[in-house]
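J.: With the input below, show me the fold.
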Amino acid sequence: MNSNHSKFLKHLDNSSEAVFIVAKYLYLKGLDVRINALKKAKKHSDWKKYKDDGDLFIFNKNKSYRIEVKGLSCDFTNKNDWSFKDFIVCAKHSFDNSNPKPYAYFILNKKRTHCAIVKEKTSGIWNIVQRKDNRYQNIVQEFYTCDLSKIEWISFS
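T.: Purely as a prediction, here's the structure:
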C-alpha cells in the first residue's frame with residue numbers, strides 16, 4: 001500500500017493546477033471562491049484524518065456550494081469526442097461519505113482547456129460500476145457514472 005499511497009500523493013499534488021483553473025473560471029464569473037488547504041496524510045492508514053471537505057467552495061447569495069475538481073489524463077472537448085462508454089463522476093464511497101454533498105464536479109481534460117460539469121442534482125440517475133483503478137496496484141472500487149447527455153460541457157477559452 002505504501003507504493004499506492006506515494007502515487008496518490010503525487011496525483012494530489014498534480015491536481016492543484018486543475019483546482020486553480022476552476023477557481024479562476026468561477027471568480028471571473030463574479031462568484032466568491034474559497035480554495036481549501038491541501039492536507040496530506042504521511043501514511044495511508046491516516047487517510048480518514050485527512051479527507052477534505054471539498055476542493056473549493058463558491059459563495060452566492062449567502063449560500064455556499066461545495067465543488068470537487070478532477071483533472072483527467074485524457075482529452076475531450078464535449079460528449080461527441082468523449083472516448084469511453086460512460087463518464088465516471090467519482091468513487092462511490094467519496095460521494096456517499098461527503099458532507100456536505102458536492103454541488104458539482106468539474107472534470108477537466110488533459111490539456112486543461114475544456115471541462116465536464118456534473119451537478120449533484122443528477123445523482124438520482126447515476127449508475128454504479130466496479131472498475132480497477134489502473135493508476136494503482138490491486139485497487140478495485142465502485143464508481144458513480146453519469147449519462148453524457150446530463151453533463152454540461154464547457155470551454156475555458
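
J.: Given the strand or helix carrying Val69, what are its sheet partners and their directions?
T.: Remark: Val69 resides in strand 63-71, with elements defined by DSSP states H and E. For strand 63-71, sheet partners with direction are given as strand 56-60 (antiparallel), strand 104-108 (parallel), following DSSP bridges.

J.: can you pull the alpha-carbon coordinates of stretch 26-38 into PDB?
T.: Presented in PDB, the C-alpha positions along stretch 26-38 are these (Å, rounded to 0.1, in the frame of the first residue of the first chain):
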ATOM      1  CA  LEU A  26     -15.700  30.800 -11.200                       C
ATOM      2  CA  TYR A  27     -14.100  34.000 -10.000                       C
ATOM      3  CA  LEU A  28     -14.300  35.600 -13.400                       C
ATOM      4  CA  LYS A  29     -18.000  34.700 -13.400                       C
ATOM      5  CA  GLY A  30     -18.300  37.000 -10.400                       C
ATOM      6  CA  LEU A  31     -18.500  34.400  -7.700                       C
ATOM      7  CA  ASP A  32     -16.700  34.500  -4.400                       C
ATOM      8  CA  VAL A  33     -14.400  31.500  -4.200                       C
ATOM      9  CA  ARG A  34     -12.500  29.800  -1.400                       C
ATOM     10  CA  ILE A  35      -9.900  27.200  -2.100                       C
ATOM     11  CA  ASN A  36      -9.400  24.700   0.700                       C
ATOM     12  CA  ALA A  37      -5.900  24.000   2.000                       C
ATOM     13  CA  LEU A  38      -4.100  20.900   0.700                       C
END
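
J.: Please list the outside residues in contact with that stretch.
T.: Contact partners of stretch 26-38, identified using CB atoms under 8 Å, 6 or more residues apart in numbering, comprise 12-13, 16, 19-20, 23, 52-60, 67. The way it works is simple: take the backbone N, C-alpha and C, and place the C-beta from them, glycine included.
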